[in-house]
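*Asks:* sequence plus predicted model, see below.
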Amino acid sequence: MADMAPGLRVAVLGAGSWGTALAAACARGHATMLWARRPELARRIADTRENADYLPGVALPQDLRCTSDLDDLFGHLSGAERPLLILGVPVAGMEQACREVAAGVVRHGMGDLAVAWTCKGLDADTGRLPHAIAEAAFAGTAGISTGVLSGPSFAREVARGLPVALTIASASAELRGRVTEALHGGAIRVYGSEDIVGVEVGGAVKNIMAIACGIGDGLGMGANARAALITRGLAEMTRLGVALGAQADTFSGLTGLGDLILTATGDLSRNRHVGLEIGRGRSLDEILGDMTQVAEGVRCAPAVRDLARRCGIEMPITEAVCAVLFDRVPPAQAVSRLLARDPKVEGN
Ligand SMILES: NC(=O)C1=CN([C@@H]2O[C@H](COP(=O)(O)OP(=O)(O)OC[C@H]3O[C@@H](n4cnc5c(N)ncnc54)[C@H](OP(=O)(O)O)[C@@H]3O)[C@@H](O)[C@H]2O)C=CC1
Ligand SMILES: O=C(CO)COP(=O)(O)O
């Protein structure tokens with residue numbers, strides 16, 4: 001069946017805060033369907049035009065469709081000329097989501113599907129970046145092109161229609177064009193990149209640095225310390241990324257420095273929130289117990305630390321965050337250890 005309506009067919013898998021905000025943005029110009037894993041949430045979104053669990057108070061577009069049935073989602077996409085699927089799940093859900101996508105593509109006989117994921121982190125058990133998780137899950141399934149959508153973007157601000165700039169990284173120019181067509185316009189700018197590893201490393205490491213800056217601010221360490229953590233955090237992110245094959249320039253862009261500044265300083269950040277509360281003396285279990293949304297940096301920090309060690313890369317701030325979160329090192333002691341490191345030449 002040819003795609004008769006103007007615009008693309010877009011599906012968003014995952015109705016958390018980011019998936020919902022992106023689905024709302026796409027629905028303004030394209031036939032869009034959002035998938036929630038809880039049928040009860042899908043029904044409430046469809047009935048109330050609000051995702052009260054994740055974006056309370058935000059009115060969703062009337063023509064955004066919502067389902068909890070994956071076959072509805074693939075039915076919506078199959079037959080369209082240039083279908084786009086955005087994955088709005090956290091890293092922990094990435095592998096299963098990709099497997100569901102591969103199965104759906106086969107079940108619905110789709111010959112072409114562009115898939116863009118939005119998670120920021122790496123697999124807590126294996127240290128794989130999201131593109132490696134996708135590659136493994138999609139191996140053997142023809143017709144799927146892939147990319148990562150990232151950048152400094154608090155879901156709540158995007159859902160309110162405030163300006164934002166995003167980056168879509170993919171080896172496929174056609175996929176970059178499809179994602180740009182779905183989102184670019186109005187308050188959203190979309191930039192293209194081919195540096196998938198750089199974009200993914202930026203997204204993963206900035207969350208850890210946001211926790212570090214939150215800890216510093218919770219301890220009352222001041223603005224100078226925050227600027228130092230951001231700058232040296234950028235150095236850590238760049239070192240790791242370059243060792244993994246990324247381009248150094250990517251880290252001064254939206255998905256590196258841009259997202260690092262946003263998340264390390266913006267109080268809408270869940271990762272910064274975790275750090276702030278740790279710095280104020282609360283325990284990690286207590287903080288996470290009170291949160292209903294994901295803070296990817298917590299699970300990701302040990303995986304990044306271990307990956308850096310395997311690569312022979314120094315990441316002292318990441319090491320300090322892990323020590324505070326998981327080894328019960330008091331935050332002030334972790335700061336003293338960082339300050340006591342030997343002097344070195346900046347840039348290294
Ligand atoms: N929020 C933001 O501002 C931004 C977030 N991101 C990234 O997007 C990703 C998703 O984050 P966000 O939407 O904020 O998260 P939320 O915590 O707001 O929502 C998480 C969503 O994922 C579902 N989910 C949770 N765990 C799993 C799992 N193991 N398998 C499948 N689905 C799961 C939840 O379903 P259920 O409700 O049923 O539990 C929910 O729909 C993260 O990697 C985040 O870093 C990127 C840019 C901006
Ligand atoms: O990635 C984000 C903004 O770009 C959201 O950050 P948090 O996950 O810390 O809320």
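*Replies:* Looks like it came in fine. Ligands and ions are numbered 1, 2, ... in the order given.
*Asks:* from here on, contacts and neighbour counts on C-alpha atoms
*Replies:* OK.
*Asks:* just the helices in the stretch 51-200 of the chain please.
*Replies:* 70-77, 91-107, 130-138, 155-159, 173-183, 196-219 (DSSP state H, counting those that start in this stretch).
*Asks:* and those, which is most packed in?
*Replies:* For the helices of the stretch 51-200 of the chain, average neighbour numbers computed from mean count of other Cα atoms under 10 Å are highest in helix 196-219, which has a mean of 28.
*Asks:* what mean pLDDT does it get?
*Replies:* What helix 196-219 shows for mean pLDDT is 98.
*Asks:* how far does that helix sit from its chain's centre?
*Replies:* Put simply, helix 196-219 sits 12 Å off its chain's centre (Cα atoms, centre = their mean, to the nearest Å).
*Asks:* list the buried residues for the helix or strand just after it?
*Replies:* Using DSSP states H and E, the next helix or strand after helix 196-219 towards the C-terminus is helix 223-243. Residues of helix 223-243 classed as buried: 226, 229-242 (neighbour count, 16 or more other Cα atoms under 10 Å).
*Asks:* and the next helix or strand past helix 223-243?
*Replies:* helix 259-265.
*Asks:* tell me if the next helix or strand after that following helix is near ligand 2.
*Replies:* Where DSSP H and E defines the elements, the next helix or strand beyond helix 259-265 is helix 270-279. Yes - Helix 270-279 reaches ligand 2 (Cα under 6 Å from any ligand atom) through Arg270, Asn271, Arg272.
*Asks:* with stretch 239-258 instead?
*Replies:* No - no part of stretch 239-258 sits near ligand 2 under the criterion Cα under 6 Å from any ligand atom; the closest distance found is 8.2 Å.
*Asks:* kindly format the C-alpha coordinates of that stretch as PDB.
*Replies:* Output of stretch 239-258 as PDB, limited to C-alpha atoms (Å, rounded to 0.1, in the frame of the first residue of the first chain):
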ATOM      1  CA  ARG A 239      39.800  10.400  25.700                       C
ATOM      2  CA  LEU A 240      37.500   7.400  26.000                       C
ATOM      3  CA  GLY A 241      35.700   8.300  22.700                       C
ATOM      4  CA  VAL A 242      38.800   8.800  20.700                       C
ATOM      5  CA  ALA A 243      40.200   5.500  22.000                       C
ATOM      6  CA  LEU A 244      37.000   3.800  20.800                       C
ATOM      7  CA  GLY A 245      37.300   5.300  17.300                       C
ATOM      8  CA  ALA A 246      35.300   8.500  17.700                       C
ATOM      9  CA  GLN A 247      36.300  11.900  16.200                       C
ATOM     10  CA  ALA A 248      37.600  14.300  18.800                       C
ATOM     11  CA  ASP A 249      35.500  17.200  17.200                       C
ATOM     12  CA  THR A 250      32.300  15.500  18.000                       C
ATOM     13  CA  PHE A 251      32.900  16.100  21.700                       C
ATOM     14  CA  SER A 252      32.800  19.900  21.300                       C
ATOM     15  CA  GLY A 253      29.400  19.600  19.600                       C
ATOM     16  CA  LEU A 254      25.800  19.200  20.800                       C
ATOM     17  CA  THR A 255      26.100  15.600  21.900                       C
ATOM     18  CA  GLY A 256      29.300  16.200  23.800                       C
ATOM     19  CA  LEU A 257      29.800  19.600  25.400                       C
ATOM     20  CA  GLY A 258      26.300  20.700  24.700                       C
END
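*Asks:* sounds good, over and out.
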